[in-house]
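[1] Mind folding the following:
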Amino acid sequence: MFDQIGMNVVLSTLVVLGVVAGVLLAVIRLASVWGGAARRSASAPFDGPEQTGGRHRG
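    Next up, the predicted model:
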């Protein structure tokens, strides 16, 4: 069993790791959304991979 100080260190480390993971996931989601929008607007006149991916879903 951990003592009280050890538990506090472990809990604070887990909290920090959770916050960092959440921020990283949010940044990755925002970057993928922005990248997808930029790619869509840039390749609008052309037949891009997004459209073929949409056909596969249907």
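[2] how deep is Val16 tucked in, by neighbour count?
    10 (other C-beta atoms under 10 Å). Just so you know, the C-beta spots here come from the backbone N, C-alpha and C atoms, and that holds for glycine as well.
[3] now it: how far from Gly35?
    To Gly35, Val16 is 28 Å away according to C-beta to C-beta, to the nearest Å.
[4] what do you get for Leu17?
    26 Å.
[5] among the helices and strands of this structure, which has the poorest mean pLDDT?
    helix 49-57 (a mean of 51; mean pLDDT, DSSP states H and E).
[6] Leu14: which element?
    Following DSSP states H and E, the helix or strand that holds Leu14 is helix 4-42.
[7] Give me the mean pLDDT for that helix.
    Helix 4-42 shows an average pLDDT of 88 in the prediction.
[8] Which neighbouring elements make contact with that helix?
    Packing partners of helix 4-42 (3 or more C-beta pairs under 8 Å, 6 or more residues apart in numbering; DSSP states H and E): helix 49-57.
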